[in-house]
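K.L.:
missing the sequence, but the structure's below:
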């Protein structure tokens, strides 16, 4: 049983560019959440998708957007990248309450 | 929003020692999870424990929801236990709010 997968593993972008990160949930899970983890801090909730709709959103600007597909996989898009967007981006999936995390995508903005 | 505080922030142990990590939260929660983050960033589920006590090998956890805290016990620590331990609570709508973590170093 495959766990949560994310791609790419690492990514380097330039300020002002746009980036798309991908996540495939654990088999049987229908809810996907995205988190941003800056160095030395705990993960911060970005948003959550369920039934292809954004169900909840954390305190992140509109530059952060997402999508969920009919197969429950999800994308996180970040526009107009800033240096401060450099972080580990984690995807979590669930079918109830317990959330399971993927390995993350490490984004570096130069 | 809800506040989650973990203590201690850093902990250094000799192999074989026992330890207790604490998580305090400021409001009622629906659920609570403990994670271990390995050096590559992967968050590994340790316990899903909204209340009560659970044990898994050398690790155990207790959540006292009425007093708004949870404890993670590590017995006979090993070098592979090193890493960051996070407590995360779920409030309305199943979003997780994380503490700042406890950095554990186990020396041989």
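P.N.:
Nice, I can see it. This one's a predicted model, so the numbers in the text were calculated from it and none came from an experiment. Numbers count the residues shown, from 1 in each chain, chains lettered A, B, ... in the order given.

K.L.:
report the beta-bridge partners for the residue lying closest to residue B:80 once chain neighbours are set aside.
P.N.:
Distances taken as CB to CB, 6 or more residues apart in numbering or on different chains place residue B:106 nearest to residue B:80, at 7.9 Å, with adjacent residues excluded. C-beta coordinates here come from the backbone N, C-alpha and C atoms, glycine included. On the basis of DSSP bridges, residue B:106 is bridged to residue B:13.

K.L.:
next: residue B:25.
P.N.:
Assigned bridge partners for residue B:25, using DSSP bridges, are residue B:4.

K.L.:
any idea which helix or strand carries the residue nearest the centre of chain A?
P.N.:
Chain A has residue A:34 as the residue nearest its centroid, 3.6 Å off, counting by CA atoms, centre = their mean. Using DSSP states H and E, residue A:34 falls within strand A:31-37.

K.L.:
please name the residues that touch the residue nearest to the centre of chain A.
P.N.:
A:23, A:45-48, A:66, A:74, A:76, A:89-92 (CB atoms under 8 Å, 6 or more residues apart in numbering or on different chains).

K.L.:
now residue B:97
P.N.:
Counted by CB under 8 Å, 6+ apart, residue B:97 has contacts A:45, B:1-2, B:4, B:88-91.

K.L.:
let's go with 10 Å and repeat that
P.N.:
A:42-45, A:58, B:1-4, B:25-27, B:29, B:87-91 (CB atoms under 10 Å, 6 or more residues apart in numbering or on different chains).

K.L.:
now do residue A:109
P.N.:
Each residue near residue A:109 by CB under 10 Å, 6+ apart is listed here: A:11-17, A:19, A:78, A:81-87.

K.L.:
look up how far residue B:44 lies from the residue of chain B found nearest chain A.
P.N.:
For chain B and chain A, the shortest gap (CB to the nearest CB) falls at residue B:98, measuring 3.4 Å. As judged by CB to CB, to the nearest Å, residue B:98 and residue B:44 stand 14 Å apart.

K.L.:
more neighbours: those two, which one.
P.N.:
Ranked by neighbour count (other CB atoms under 10 Å in any protein chain shown), residue B:98 and residue B:44 place residue B:98 first, with 22 against 12.
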